[in-house]
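Participant: Can you look at this prediction? I've put the sequence above it.
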Amino acid sequence: MYCPIFPPAIGGPSTQAFNLCKALVAKGKTPFVITYGKNFSMKEDDGFKVYTFRLQYTYTPIDKVLRWFIFPFYIVYMLKKERSEILHCHSVSVLTFISAFVAKIMGIPRVLKFAGDWVWETLSTNKLQAKNFEEIYKKSLTARFMTWIEKMGLNLFDKIWVVSEFRRGNIKSLLGSDDKVIIINNCLLLKGGGARTWKKDDPVIVVSANRFIPHKRLAFMVQLFAEMNISNSHLTLIGGGDPKEIEIVKEAIKKFKVEDKIEILGILPIEEVYERFSKASFYISTSIEEGFPNVFIEAMHYGLPVIATDEGGSKELVLDKETGYMFVPANHQRVLEAMRRLATDIPLRTQMSTKAFERSKLFNLEYKVGEFITMYNNLLSE
């Protein structure tokens, strides 16, 4: 597997790839991982090898050119060394496309996890505004050029694993066909967790774990929390990202005078994230673009109702008025009402907690790993 971020780094691809490797090992398979790091290295934990490709050499802008030059040789070496039968890439990037091109020349079948659109993720993170991925493809000359690269890169794969129907549409929009697509929802190896109960005097703890990037709209989340105006309430923000975006969020905290109610914790080990979830009241996301977010599954596994925008794959995961609430991104009042309802109506929150936990079981990798093994076997037999 090729995955640019991997534990101890925190992120969706990291969590998914790590969980999938553990599940495959439990089924007698022998995956190995190629990821990024400061130095070339190899370690073996949890029953599989993790190789690190060095990203920085001169600590100047020329590093990007160097890694693009070195990476193909590294991939050839690793695929031969480990006698790889399949290349499974867990993200979309230029290096992903390079690795797929190399594997194609070597006659190795290739599968890509498509959870987030490369053009959208890159340009919206850099504050290019667009309503959706289809609009951003034509937003600028840079966007058009990157879209062309993405199309070329996607065509290098034999199978494209998408995490939701929303992403199937994304691929069809890019390639004009979804013939290569297989849908397997994001799934995790879920342990512990459970439905929750609360007492009347318990604090209301709202939690959210995100990258600090513009389309997550975390400053807007701060505004909503301030306007919720519930006594004995707190908002916990987990994650890292763009330092400028973090400053914008901090400025919003000062603007709405909620410094004593909001904490920004940065990137935490996954065990600490789960500890925070286990003490929270509900989870909130204000993002305007999502594939099929792992973090919603994790939150529901810890019995948290989820409030989220009805964008992308979110609406395939959260059941409105059952496991939480969905809202149109522009509907300020609806999300505010949902927050107040979950903050004050403990019986409702408890009922949703039970349903959220039960729904999280549908995305347990312990039972879904067979779908991946079938996909791999089909690739090898074609």
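Facilitator: Nice, I can see it. Residues are numbered from 1 along each chain as shown.
Participant: CA atoms for contacts and neighbours, from now on please.
Facilitator: Noted.
Participant: and the nearest residue to Arg54 once chain neighbours are set aside, how many residues sit next to it?
Facilitator: Nearest in space to Arg54, with sequence neighbours left out and distances taken as C-alpha to C-alpha, 6 or more residues apart in numbering, is Asn39 at 4.5 Å. The number of residues packed near Asn39 is 13, by other C-alpha atoms under 10 Å.
Participant: can you check the one 5 residues further on too?
Facilitator: For Glu44, the number of neighbouring residues by other C-alpha under 10 Å comes to 11.
Participant: which residue packs closest to it, ignoring adjacent ones?
Facilitator: Counting by C-alpha to C-alpha, 6+ apart, the residue nearest Glu44 is Val50, at 6.1 Å.
Participant: in its sheet, what does whatever helix or strand that neighbour lives in sit against?
Facilitator: For Val50, the host element (DSSP states H and E) is strand 48-54. Its sheet considered, strand 48-54 pairs with strand 32-37 (parallel), strand 41-45 (antiparallel) by DSSP bridges.
Participant: After that strand, heading C-terminal, what element do we hit next?
Facilitator: The helix or strand immediately downstream of strand 48-54 is helix 62-81, counting by DSSP H and E.
Participant: hmm, who's touching that next one?
Facilitator: Identification of contacts with helix 62-81 by C-alpha atoms under 8 Å, 6 or more residues apart in numbering yields 53-57, 95, 98-99, 102-103.
Participant: got it, and stretch 305-319?
Facilitator: By C-alpha under 8 Å, 6+ apart, stretch 305-319 touches 163-167, 281-293, 296-297, 299-300, 323-329, 335, 338-339, 349, 352-353, 356.
Participant: swap in stretch 268-281?
Facilitator: For stretch 268-281, contacts defined as C-alpha under 8 Å, 6+ apart pick out 8, 10, 193, 204-207, 238-239, 298-299, 302-305, 343, 349.
Participant: A PyMOL selection for the residues you listed, restricted to the buried ones, would help me check which they are.
Facilitator: Buried residues among the contacts of stretch 268-281 (16 or more other C-alpha atoms under 10 Å), as a PyMOL selection:
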select buried, resi 10+193+204+205+206+207+238+239+298+299+302+303+304+305+343+349
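Participant: Next, check the contacts of stretch 268-281 against the helices and list the overlap.
Facilitator: Counting by DSSP state H, the contacts of stretch 268-281 place 298-299, 343, 349 in helices.
Participant: So which helix or strand of this protein has the lowest pLDDT on average?
Facilitator: Within the chain, no helix or strand scores below helix 133-136, which has a mean of 66 by mean pLDDT, DSSP states H and E.
Participant: Can you name the element that comes right after that helix?
Facilitator: Per DSSP H and E, helix 133-136 leads on to helix 141-154 as the next helix or strand towards the C-terminus.
Participant: Now do that next one: which elements does it pack against?
Facilitator: helix 94-105, helix 118-125, helix 165-175 (3 or more C-alpha pairs under 8 Å, 6 or more residues apart in numbering; DSSP states H and E).
Participant: Distance from the chain centre to it, please.
Facilitator: In terms of C-alpha atoms, centre = their mean, to the nearest Å, the centre of helix 141-154 is found 22 Å from the chain centre.
Participant: now it against helix 165-175, angle please.
Facilitator: Taking axes from the mean of the first three to the mean of the last three C-alpha atoms, to 10 degrees, one finds helix 141-154 and helix 165-175 inclined to each other by 100 degrees.
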